[in-house]
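J.: Predicted model and sequence follow; I will ask about them next.
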Number of protein chains: 2
Amino acid sequence: MTIAATLPATKLTPDALVHQLEWRSATKQFDPARKIDAQTWKSLAEALVLTPSSYGLQPYKFIVVNDPALRAKLRPASWGQAQIEEASHLVVFAIKKSMGEAHIARYVDRIAEVRGVSTESLEGYKGMMVGSLVNSPKAARIDEWSARQTYIALGNFMTAAAMLGVDTCPLEGIDPAQYDAILGLEAEGYATVCACAAGYRSSEDKYATLTKVRFPESELIQVR
Amino acid sequence: MTIAATLPATKLTPDALVHQLEWRSATKQFDPARKIDAQTWKSLAEALVLTPSSYGLQPYKFIVVNDPALRAKLRPASWGQAQIEEASHLVVFAIKKSMGEAHIARYVDRIAEVRGVSTESLEGYKGMMVGSLVNSPKAARIDEWSARQTYIALGNFMTAAAMLGVDTCPLEGIDPAQYDAILGLEAEGYATVCACAAGYRSSEDKYATLTKVRFPESELIQVR
């Protein structure tokens, strides 16, 4: 029985969901003075951890960069974007490079630990994951597979933040190799794919009040 | 001024966010009798439309498959997974293949239309997008870039659904080529990347009550 199953429901209404998603905006100008409080950040960190991933493998790591000196180094590797230094929080999304059998074994050990079952009882599941991802044509594109999982985390993070009234700005216009060097990720076997700033929009952010542009729903969504 | 800016706040508390994300589970067994009501589905469709994407380019399309005959055809292309037929809704996520200048021009026209500005005033922005995505090394991997954007939509959709107490199951174990053929996507210049079933878990779904397995937060999240 999970904790969640024992708790009362705390759902959002459909209108409130859409309201918060309408409110969300890729924030260009954060208020540097406004920090995300500890309780709110704790929930957003948990949201990152709770991200769904294929087989549950979590082929990624999230680096939360709080050190102003590191932020200052990352800014020139990000086309000088101010969000890197001005946002309350900065999360770097990195994949586990060449995710393979060792990572899968570590995950299986973790399942055994969390669910109180033997590693042996999970041999079939492990074999299935190894067969599907390591001993398969997918192995040649495994970093891209991991990157896609990481983008689920990015989507989850931005939406979760919007639900709490926290602003975000996804950052793809960064130099992953420079990020890896600055954060020392290569030695750990990880590689940057994108980043996301989080905090609160400045009242002077003129982009926040622009009307959102989307293709018409009738073009984006086809019903068959 | 956007609509959102004029509406009152309807945020979730940090605890409620985590509660709903803990409650979320990759649902293996849906209750075939329980359908998502029209108002709730409308919000989830809007959530798909409101997905953030790089430059706002939305290089994708969402196919909602309601026709039982089509669902029956897709099931064998999905390792026979029951969710394909039993879930209330099935969304197929497809990229715009070889996203290029025509798509960018269509997007720029849409910005002009929505914001009431001239297409000419957006020439600089258009040139920047073309330079970054079409006349650049990225062009060789543009389908993968689009796939990543689509995974943001997948993450957003699963999280949005969880906020409403709607169950989902992401489906990567599908045959994209067969999906394209069954849904006639190739002729439209689109290609399947993944799918997601949505509805309500069956009370007999034994997976829903298993404890979620995640690596410890101290391993998944590094604070620098």
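T.: Looks like it came in fine. Residues are numbered from 1 along each chain as shown, chains lettered A, B, ... in the order given.
J.: Now do the contacts for the nearest residue to A:Ile221 once chain neighbours are set aside.
T.: In this structure, A:Ile221 finds its nearest non-sequential neighbour in B:Phe62, 4.9 Å apart by C-beta to C-beta, 6 or more residues apart in numbering or on different chains. Quick note: C-beta positions are derived from backbone N, CA and C, even for glycine. The contact partners of B:Phe62, by C-beta atoms under 8 Å, 6 or more residues apart in numbering or on different chains, come to A:220-222, B:48, B:91-94, B:153.
J.: hey, which helix is longest across chain A?
T.: For chain A, the helix with the greatest residue count under DSSP state H is helix A:142-163.
J.: Buried residues of that helix, list them for me.
T.: A:142-143, A:145-163 (16 or more other C-beta atoms under 10 Å in any protein chain shown).
J.: Does the helix or strand following it reach chain B?
T.: Remark: after helix A:142-163, the chain's next helix or strand is strand A:167-171, criterion DSSP states H and E. Yes. Judged by C-beta under 8 Å from any C-beta of the partner chain, strand A:167-171 comes into contact with chain B at A:Pro170.
J.: before we move on, what about stretch A:12-29?
T.: Yes. Stretch A:12-29 reaches chain B (C-beta under 8 Å from any C-beta) through A:12-24, A:26.
J.: Now that stretch - C-alpha only, PDB.
T.: Provided in PDB are the C-alpha atoms of stretch A:12-29 (Å, rounded to 0.1, in the frame of the first residue of the first chain):
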ATOM      1  CA  LEU A  12      -7.600  20.300  -9.000                       C
ATOM      2  CA  THR A  13     -10.700  21.300 -10.900                       C
ATOM      3  CA  PRO A  14     -10.500  21.200 -14.700                       C
ATOM      4  CA  ASP A  15     -10.900  25.000 -14.900                       C
ATOM      5  CA  ALA A  16      -8.200  25.600 -12.400                       C
ATOM      6  CA  LEU A  17      -5.800  23.300 -14.300                       C
ATOM      7  CA  VAL A  18      -6.300  25.300 -17.500                       C
ATOM      8  CA  HIS A  19      -6.100  28.600 -15.600                       C
ATOM      9  CA  GLN A  20      -2.700  27.700 -14.200                       C
ATOM     10  CA  LEU A  21      -1.400  26.400 -17.600                       C
ATOM     11  CA  GLU A  22      -2.700  29.600 -19.300                       C
ATOM     12  CA  TRP A  23      -0.900  31.600 -16.600                       C
ATOM     13  CA  ARG A  24       2.400  29.700 -17.200                       C
ATOM     14  CA  SER A  25       4.800  31.600 -19.400                       C
ATOM     15  CA  ALA A  26       8.400  31.000 -20.400                       C
ATOM     16  CA  THR A  27       9.700  33.700 -18.000                       C
ATOM     17  CA  LYS A  28      12.400  35.900 -19.600                       C
ATOM     18  CA  GLN A  29      12.800  38.200 -16.600                       C
END
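J.: looking just at contacts, which helices and strands does the top strand by length along chain A meet?
T.: Across chain A, the strand with the greatest residue count (assigned by DSSP state E) is strand A:190-199. Using 3 or more C-beta pairs under 8 Å, 6 or more residues apart in numbering or on different chains; DSSP states H and E, the elements in contact with strand A:190-199 are helix A:83-86, strand A:89-96, helix A:142-163, strand A:167-171, helix A:176-183.
J.: I figured A:Asp143 was touching A:Ala94, is that so?
T.: No. Look at A:Asp143 against A:Ala94 with C-beta atoms under 8 Å: they stay out of range, at 11.1 Å.
J.: Pull up the overlap in contacts between the two.
T.: A:Ala191.
J.: In chain A, which residue sits closest to chain B?
T.: A:Gly155 (2.5 Å; C-beta to the nearest C-beta).
J.: So that residue is in contact with B:Arg148, correct?
T.: No. Shown here, A:Gly155 and B:Arg148 do not form a contact pair, counting by C-beta under 8 Å, at 10.0 Å.
J.: Tell me what angle the helix or strand harbouring A:Ser43 forms with strand A:167-171.
T.: A:Ser43 is located in helix A:38-49, with elements delineated by DSSP H and E. Counting by axes from the mean of the first three to the mean of the last three C-alpha atoms, to 10 degrees, helix A:38-49 lies at 40 degrees to strand A:167-171.
J.: mind showing which ranges of chain A have poor pLDDT?
T.: Scanning chain A for pLDDT under 70 picks out A:1-9.
J.: what's the spacing between the spatially closest residue to A:Ser25 that is not a sequence neighbour and A:Arg24?
T.: Of all residues not flanking A:Ser25 in the chain, A:Ala208 sits nearest, at 4.7 Å (C-beta to C-beta, 6+ apart). Between A:Ala208 and A:Arg24 the distance is 10 Å, computed by C-beta to C-beta, to the nearest Å.
J.: Looking at those two, which one has more neighbours?
T.: Counted by other C-beta atoms under 10 Å in any protein chain shown, A:Ala208 and A:Arg24 do not tie: A:Arg24 has more neighbours, with 23 against 20.
J.: these two touch, right, the more buried one and B:Leu50?
T.: Yes. Under the criterion of C-beta under 8 Å, A:Arg24 makes contact with B:Leu50 at 7.4 Å.
J.: thinking again about what came up before, residues touching the residue of chain A closest to chain B, list them.
T.: Per C-beta under 8 Å, 6+ apart, neighbours of A:Gly155: B:51-52, B:151-157, B:159.
J.: repeat for A:Ala112
T.: Contacts of A:Ala112 (C-beta under 8 Å, 6+ apart): A:118-119, A:121-122.
J.: Going through those, which ones are buried?
T.: Here, 16+ other C-beta under 10 Å leaves A:Leu122 buried among the contacts of A:Ala112.
J.: got JSON lines for the contacts of A:Ala112, with distance to chain B and secondary structure too?
T.: Below are the contacts of A:Ala112 laid out as JSON lines (distance: C-beta to the nearest C-beta, whole Å; DSSP: H, G, I helix; E, B strand; the rest coil):
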{"residue": "A:Ser118", "distance to chain B": "15", "secondary structure": "coil"}
{"residue": "A:Thr119", "distance to chain B": "13", "secondary structure": "coil"}
{"residue": "A:Ser121", "distance to chain B": "13", "secondary structure": "helix"}
{"residue": "A:Leu122", "distance to chain B": "11", "secondary structure": "helix"}
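J.: just the contacts of A:Ala112 now: which is nearest A:Ile84?
T.: A:Leu122 (41.2 Å; C-beta to C-beta).
J.: so the closest one touches A:Arg110, yeah?
T.: No. Counting by C-beta under 8 Å, A:Leu122 does not reach A:Arg110; the two are 10.2 Å apart.
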